[in-house]
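Asker: prediction below, plus the sequence it came from.
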Amino acid sequence: MTDLLDLAPLSPMHETVHRPLYTETTTSQALYLPIAPPTLGTAGAIIGRELYSGKAFIYCPFSAFGDGLPGGNMIVMGDTGRGKSALTKTYTARQIRLGRQVVVLDTKEQKEREEGEWAALGRSLTGKAPVKFAPGGGRGASCINPMDPAIAGKRQVELVRTIVELGLGKALDEFAGSALRIAIRRAHQRAGDLGRTPVLADVAAALRSPEESDATAKQRTRDELLGDGLEASYVLDRLCGSEQDATGDLTGMLDGPTSLGVDLDADMIVFDLTKVPSGGVAMTILVAVISVFLEEVWHRPLCECGTEPGQHDRIVVDANSGAWELGPNRASGCRRYTQRKRILVCEEAWHILGTPQLASLLEKFLKFARGYGLSCIFIVHHLSDIDDSPETQAALKMADTIVIYSQKKAEAEATVTRLGLPAWTAEHIMRLRRGIALWKVGEVIYPGVQHLLVEAEQHLCFSSGSMTDLTSTSPDTE
């Protein structure tokens, strides 16, 4: 098997020797069976070509779902400069042309541009600037309000509790949790009386000034209810600042009204998190809030033509049972209702998968991905960047498509062991050239898939400008 894989396209050390092959037509066809797996069909985005068969390699988790692919989640890994970001950018751009929506959590900064590396692609596709977060706010910075009415009541309580627990570093007990729920309700009431939307500072204020009636309803004294929520109020002050101290880990990002520039219906939404310290509590909380916001939006069904289900005609498919399906929308010209599919990209995903709390939140998110029509893509360098916690392992197991670019010996062997790949793939991964990857789609392995870009895509996918003298030359696609 290994000998069959030592082919020229994967290694510059070997050149193809052209010799006449004296054989009957069908004698040597068996040679291609182990290394030329079946294609994934013709529906989806073109990735490039499969080197062993020479055929175009077309991939779409939504088209392949149910046909050997149990889910749509993907993990892309490999050494720096091998083609991970270039693949993900062109793949998502091509999916947008098929009617998909793409959301990017961009944590990878391009120093020369002072913004995330997905910003240019987002502007070119939608004409919109990225949703940029920066500690302290500032020019061009965005803010998301966890107390926004767009988040349903129960989920809002869960979200604010998650923020407090992440800031505190431990779970709240029953007394503190009850005090927090009461404070959230009072914050909405008091802010509503003033004609505005509440923010987290209002929750902190409500925790420090409980109502006598609320304490009585819980069979507590007012002082006891105050003591129950006092620690949570201090955590919110530290995170969002207070009148006495305006500094806080989340100041300028989660402490005010939601920015009007946040368009959650755009074809591509880029959340620029490059200015947020990685590994800190701010990054963890910010990703948690963004996830809940997206989930609330994705709960609303939408057709690929951009219209709601109620705008489509109902077509009875079985007169006896009365079963029906959604058909055309005469106003938009859409022939049939098709749920809009979405793709979530986590750049430098070790920020998320490496944090057990976020990995746990993500695991819950992925369990409902099929219901949302959602495919998640995680980009990492090596699996060693990610801890081995149960939460992280559970999230990794939900990746049904694995793309591996070239890695060094130790990392390749560790990757093969951790993902349960065949032993021969370790050496094979070490010999892959730039732009060529091993793909595992469901249970099928494609040893050599070459990613191809057109000239217009190369400049949008260029992510290694800091290491080159001339960015106008052929870019080193990372």
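Answerer: That came in fine, so what should we check first? On a predicted model such as this, the values are computed, not experimentally measured, just so you know. Numbers count the residues shown, from 1 in each chain.

Asker: for residue 451, give me its contacts.
Answerer: 47-48, 83, 86-87, 90, 435-437 (C-beta atoms under 8 Å, 6 or more residues apart in numbering). The way it works is simple: take the backbone N, C-alpha and C, and place the C-beta from them, glycine included.

Asker: just these: which are in strands?
Answerer: Residues of those located in strands (DSSP state E): 47-48, 436-437.

Asker: residue 157 belongs to a helix, doesn't it?
Answerer: Yes - remark: residue 157 belongs to a helix, assigned using DSSP: H, G, I helix; E, B strand; the rest coil.

Asker: do you know the pLDDT at it?
Answerer: With respect to pLDDT, residue 157 scores 92.

Asker: distance check, it against residue 165.
Answerer: 12 Å (C-beta to C-beta, to the nearest Å).

Asker: and the two? Which one has more around it.
Answerer: Applying other C-beta atoms under 10 Å to residue 157 and residue 165 shows that residue 165 carries more neighbours, namely 19 against 16.

Asker: helices and strands around the helix or strand hosting the more buried one, which ones?
Answerer: Here residue 165, judged by DSSP states H and E, is contained in helix 153-168. Judged by 3 or more C-beta pairs under 8 Å, 6 or more residues apart in numbering; DSSP states H and E, the packing partners of helix 153-168 are helix 174-193, helix 200-208, helix 222-240, helix 281-298.

Asker: quick check: mean pLDDT across the helix or strand that the last one is followed by?
Answerer: I take that to be helix 281-298. Moving toward the C-terminus from helix 281-298, the next helix or strand (DSSP H and E) is strand 314-318. The average pLDDT for strand 314-318 rounds to 86.

Asker: how does the chain divide into domains?
Answerer: Using automatic domain parsing, the domain ranges for the chain come out as 52-132+263-302+339-464, 153-240, 309-338.

Asker: could those go into CSV alongside distance to residue 39?
Answerer: Shown next, in CSV, are those (distance: least, C-beta to C-beta, whole Å):
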stretch, distance to residue 39
domain 52-132+263-302+339-464, 6
domain 153-240, 42
domain 309-338, 23
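
Asker: got a pLDDT number for residue 205?
Answerer: 94.

Asker: for it, which non-adjacent residue is closest in space?
Answerer: Leaving aside its sequence neighbours, residue 205 sits nearest to residue 187 (C-beta to C-beta, 6 or more residues apart in numbering; 7.4 Å).

Asker: again, but for residue 132
Answerer: Using C-beta to C-beta, 6+ apart, the closest residue to residue 132 is residue 272 (4.2 Å).

Asker: and the gap between the residue nearest to residue 205 and residue 229?
Answerer: Distance from residue 187 to residue 229, by C-beta to C-beta: 12 Å.

Asker: got it, and residue 317?
Answerer: From residue 317 to residue 229 the distance is 54 Å (C-beta to C-beta).

Asker: pick the most buried one from the helices and strands packed on helix 153-168.
Answerer: The highest mean neighbour count among the helices and strands packed on helix 153-168, using mean count of other C-beta atoms under 10 Å, belongs to helix 200-208: a mean of 23.

Asker: and it with helix 222-240, angle?
Answerer: 160 degrees (axes from the mean of the first three to the mean of the last three C-alpha atoms, to 10 degrees).

Asker: past helix 200-208, which element shows up next along the chain?
Answerer: Immediately after helix 200-208, counting by DSSP H and E, sits helix 212-217.

Asker: pull the CA coordinates from stretch 325-341 and hand them back as PDB.
Answerer: This file holds the C-alpha atoms of stretch 325-341, laid out as PDB (Å, rounded to 0.1, in the frame of the first residue of the first chain):
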ATOM      1  CA  GLU A 325     -44.500  21.000   1.700                       C
ATOM      2  CA  LEU A 326     -43.400  24.500   0.900                       C
ATOM      3  CA  GLY A 327     -43.200  25.300  -2.700                       C
ATOM      4  CA  PRO A 328     -42.500  28.400  -4.800                       C
ATOM      5  CA  ASN A 329     -42.400  32.100  -3.800                       C
ATOM      6  CA  ARG A 330     -43.900  34.000  -6.700                       C
ATOM      7  CA  ALA A 331     -42.600  37.300  -5.500                       C
ATOM      8  CA  SER A 332     -38.900  36.200  -5.400                       C
ATOM      9  CA  GLY A 333     -39.100  33.700  -8.300                       C
ATOM     10  CA  CYS A 334     -37.900  30.900  -6.000                       C
ATOM     11  CA  ARG A 335     -39.300  27.600  -7.200                       C
ATOM     12  CA  ARG A 336     -39.100  25.700  -3.900                       C
ATOM     13  CA  TYR A 337     -38.500  26.500  -0.300                       C
ATOM     14  CA  THR A 338     -35.000  25.300   0.700                       C
ATOM     15  CA  GLN A 339     -33.700  26.000   4.200                       C
ATOM     16  CA  ARG A 340     -30.700  28.400   4.000                       C
ATOM     17  CA  LYS A 341     -27.500  26.600   5.000                       C
END
